[in-house]
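# Structure for the following, please:
(one chain, ligands or ions: 3)
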Amino acid sequence: MDFVITGGSLAEVEADLIVVFASDDEIADLRVRASHPDLANLIDTVRKGPGFKGTPFQNDWLYPAPGKTSRVLLVGSGKSEELDLRRFRQLVAAAVRQARGKGAKRVCIVLPDFAGSDEATVLETLADGAVTGLFEPDLYKGTREQNSIEQVIVWRPDGADGATQALERGQYVGEAVNFGRWLAEEPANIMTPPRAAEEIQKMAREHDIECEVLDEVALRAAGMNSLVSVAEGSQWPPRVVVLRIRRGGSAKTLGLVGKGVTFDTGGISIKPAADMHYMKYDMCGAAAVVSAMLGLAKLATACNVIAVAGLVENMPGSKATRPGDVVRAANGKTIEIINTDAEGRLVLADALDLARKRGAERLVDVATLTGSIAIALGAGAAGIMGVPQDWVDSVVASAGLSGERVWQMPLYPEYKDQLKSNIADMMNVGGRPAGALTAATFLREFVDDTPWAHIDIAGTAWQEKDSAWQTRGSTGIMIRSLIRLAESVSVQ
Ligand code: BES
Ligand code: ZN
Ligand code: ZN
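Residues are numbered from 1 along each chain as shown. Ligands and ions are numbered 1, 2, ... in the order given. Down below sits the predicted model:
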């Protein structure tokens, strides 16, 4: 699928269909009216009728339409003031999915005019939405969804000036997001820790990213007993993948750390059966950090970034870690493992420490860490916690520009009391109150004084229901934000 940009008369555009976004409070896009009055009149007629109200994702096919393209897909975009980058990306994704359903090959999208974002970002978001909208998790279906769309033609009144690069950016970001979604979507019998490490290494080789894979022997030698303890019950040995891009000159090195539990049964503290199948998505944090590296490689961003993916499977078994066991992490601190289902923090503890040892000067970790964050924020936003505040602010700002939502939660000193052990430096759980925040407080013990932000994506890493913009499954959350963050760190 390629992207082209065009201006001039909308009536002259040759495509299988034209997509026009229509808000619920305007009669017609003024740019459409100026360029193609007959089409604007047709849209007005439909809008005055009883059916189409312009509510978000409502759609209507209009044909025959005037001009060279006989079909129009009208997509409701809701209230103008509620149209933001996130919604716009979802709208574009919904539109291409509709277009695919009708077998369209050339799809013209009318760039809407919305305030609050510069046009380059809007164009980038459009391309991202088109690429990610066509992702399907139907990997193992006899008949897979086919993409008919060969070309997306973006129409805007001023034509192509300066827009090609923004579209290309969005395409690369979208491809990186789809890679992460695929990694997470593969079932846990296929995407085991060794296999995941291989796939990441293959991706790194293809994109000229430095890659090192630490196996079990190397991890034990490095004293990463906290991470290794999670894998003890599994037939699959743990792996840690370290990816590195050094293109940023004297820029600070950003460390991205991801939880990659390829399946989380809970271990000996086993989870109930209901919904356990979702735990194949417990590697979405690792998928996010390596996919961000893929995006940065495609974009040829001048940055210094290291990504650490901690890959383990959490299973019960005769060799599995027991509740009450004590391990010494790579930074020398001892942990009493009260609940083997709080394994993500055990993985991240050593992975964060490794990122620092490998030179990370700023840290962000991404993890499907706690059910607690999903209770607090649902699918509405990922939770973010960290210190110092200005570093958290930078991460929040990058997320905002990427159309992804994060919401900050506090790290009050009292939470540390909940982790007190009578035998070791800390326990790995702090009880039910403030579960997401005690988890973050635990992680803080492993970052020393390096600026650090922790993003808990347990409520946002996958969606349980089909929506207009994607089939249920992994969302690829945070990949866009991490790419933008790496770009912003490189210019500081
Ligand atoms: N992977 C889970 C967190 C999770 C739960 C992600 C639901 C997505 C949906 C994590 O390893 C876990 O089991 N956390 C426990 C921690 C508890 C034992 C302190 C939790 O949140 O219940
Ligand atoms: Zn768990
Ligand atoms: Zn987990």
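
# SS state for whatever residue of the stretch 101-250 of the chain ends up closest to ligand 3?
Ligand 3 sits closest to Val230 of the stretch 101-250 of the chain, with a gap of 9.0 Å, by C-beta to the ion. Bear in mind the C-beta positions are built from the backbone N, C-alpha and C, glycine included. Secondary structure assignment for Val230 (DSSP: H, G, I helix; E, B strand; the rest coil): helix.

# Quick one: end-to-end distance for stretch 153-173.
One end of stretch 153-173 sits 18 Å from the other (C-alpha to C-alpha, to the nearest Å).

# now stretch 352-369
14 Å.

# close to ligand 1, is that stretch?
Yes. Using C-beta under 6 Å from any ligand atom, we find that stretch 352-369 touches ligand 1 at Thr368, Leu369.

# tell me the average confidence for that stretch?
Here stretch 352-369 scores 98 as its mean pLDDT.

# ok, now stretch 447-465?
Here the average pLDDT along stretch 447-465 is 98.

# Does it reach ligand 3?
No. Figure legend: stretch 447-465 not in contact with ligand 3 (C-beta under 5 Å from the ion); closest approach 8.2 Å.

# pLDDT weak spots in the stretch 151-300 of the chain?
Nowhere does the stretch 151-300 of the chain drop to pLDDT under 70.

# which parts of it sit against ligand 2?
Asp264.

# What are the boundaries of the strands in the stretch 151-300 of the chain?
Here the stretch 151-300 of the chain has its strands, by DSSP state E, counting those that start in this stretch, at 151-155, 210-214, 239-246, 253-264.

# ok, the residue of the stretch 101-250 of the chain closest to ligand 3 to Asp84 distance?
If you measure Val230 against Asp84 using C-beta to C-beta, to the nearest Å, the figure is 38 Å.

# Those two - which one has more neighbours?
Remark: of Val230 and Asp84, Val230 carries more neighbours, 29 against 15, as counted by other C-beta atoms under 10 Å.

# what sits against the more buried one?
Taking C-beta atoms under 8 Å, 6 or more residues apart in numbering as the contact definition, Val230 lies against Pro238, Val261, Gly267, Val312, Asn314, Thr321, Thr340, Glu343, Leu346, Val347.

# distance of it from Val429?
Per C-beta to C-beta, Val230 is found 14 Å from Val429.

# again with Ser402
From Ser402 to Val429 the distance is 32 Å (C-beta to C-beta).

# neighbour-wise, which of these two wins?
Comparing Ser402 with Val429 by other C-beta under 10 Å, the one with more neighbours is Ser402, at 25 against 22.

# Now the closest residue to that one other than its chain neighbours: which helix or strand?
In space, and not counting its chain neighbours, Ser402 is closest to Arg480: 3.8 Å by C-beta to C-beta, 6 or more residues apart in numbering. Following DSSP states H and E, one finds Arg480 within helix 479-490.

# ok, now Val327?
Here Val327 is assigned to strand 325-328, by DSSP H and E.

# hang on, the earlier thing: ok and the helix holding Arg480 relative to strand 239-246, angle-wise?
40 degrees (axes from the mean of the first three to the mean of the last three C-alpha atoms, to 10 degrees).

# Now do helix 479-490: distance to the chain's middle.
With C-alpha atoms, centre = their mean, to the nearest Å as the basis, helix 479-490 stands 12 Å off its chain's centre.

# Stretch 200-210 too?
19 Å.

# interface residues of the chain facing ligand 3?
Residues of the chain found near ligand 3 (C-beta under 5 Å from the ion) are Val261, Asp264, Asp282, Gly344.

# Tell me how many other residues surround the last one.
Gly344 has 29 neighbours, counted by other C-beta under 10 Å.

# Give me the phi and psi for it.
Backbone torsions of Gly344, given as degrees, to the nearest 10, read phi -60, psi -40.

# same for the strand holding Val327, what does it pack against?
helix 225-231, strand 334-337 (3 or more C-beta pairs under 8 Å, 6 or more residues apart in numbering; DSSP states H and E).

# Is ligand 1 within reach of the first one?
Pointing back at helix 225-231 there. No. With C-beta under 6 Å from any ligand atom as the criterion, ligand 1 is not reached by helix 225-231; the gap is at least 9.5 Å.

# May I have that helix as CSV, with CA atoms only?
Output of helix 225-231 as CSV, limited to C-alpha atoms (Å, rounded to 0.1, in the frame of the first residue of the first chain):
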residue,chain,number,x,y,z
ASN,A,225,18.2,-14.2,39.6
SER,A,226,15.1,-12.2,40.1
LEU,A,227,14.3,-12.5,36.3
VAL,A,228,15.5,-16.1,36.1
SER,A,229,13.3,-17.1,39.1
VAL,A,230,10.2,-16.5,37.0
ALA,A,231,11.2,-19.0,34.3
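
# What is the end-to-end distance of stretch 377-390?
One end of stretch 377-390 to the other measures 23 Å (C-alpha to C-alpha).

# Now do the contacts for the residue lying closest to Arg247 once chain neighbours are set aside.
Excluding the flanking residues, the one nearest Arg247 by C-beta to C-beta, 6+ apart is Ala302, at 4.9 Å. Contact analysis of Ala302 by C-beta under 8 Å, 6+ apart lists Arg247, Gly248, Gly249, Ala251, Ser490.

# Out of the residues you listed, which is nearest to Glu206?
Taking C-beta to C-beta as the measure, Glu206 lies nearest Arg247 of the contacts of Ala302, at 17.1 Å.

# Burial check on the closest one, number of neighbours?
The burial count for Arg247: 14, using other C-beta under 10 Å.

# circling back: among the contacts of Ala302, which are in helices?
Ser490 (DSSP state H).

# which one of the contacts of Ala302 is nearest ligand 1?
Ligand 1 lies nearest to Ser490 out of those, by C-beta to the nearest ligand atom, at 31.6 Å.

# Can you report how many residues lie near the closest residue to the closest one other than its chain neighbours?
Leaving aside its chain neighbours, Ser490 sits nearest to Cys303 (3.8 Å; criterion: C-beta to C-beta, 6+ apart). Using other C-beta under 10 Å, Cys303 is surrounded by 24 other residues.

# ok, now the one 5 residues further on?
Other residues within reach of Val308 by the criterion other C-beta under 10 Å amount to 32.

# Repeat that for Phe442.
27.

# what residues are up against it?
With contact taken as C-beta under 8 Å, 6+ apart, Phe442 is in contact with Arg345, Ala349, Leu419, Met426, Asn428, Gly430.

# swap the cut-off to 6 Å and go again
If a contact means C-beta atoms under 6 Å, 6 or more residues apart in numbering, then Phe442 has Arg345, Leu419 as its contacts.

# Now do the helix or strand where it lies: distance to the chain's middle.
If you go by DSSP H and E, Phe442 is part of helix 435-444. Taking C-alpha atoms, centre = their mean, the mean C-alpha location of helix 435-444 is offset from the chain mean by 21 Å.

# Next secondary structure after it?
Downstream of helix 435-444, the first helix or strand assigned by DSSP H and E is strand 452-456.

# who does the residue of the chain at minimum distance from ligand 3 bridge with?
The minimum distance from the chain to ligand 3, using C-beta to the ion, falls at Asp264 (3.7 Å). In this entry, Asp264 is beta-bridged to Asn314, by DSSP bridges.

# show me what contacts it?
Residues in contact with Asp264 (C-beta under 6 Å, 6+ apart) are Met279, Asp282, Asn314.

# Next: Lys298.
Residues in contact with Lys298 (C-beta under 6 Å, 6+ apart) are Tyr172.

# what about it, distance to Leu83?
Distance, Lys298 to Leu83, using C-beta to C-beta: 28 Å.
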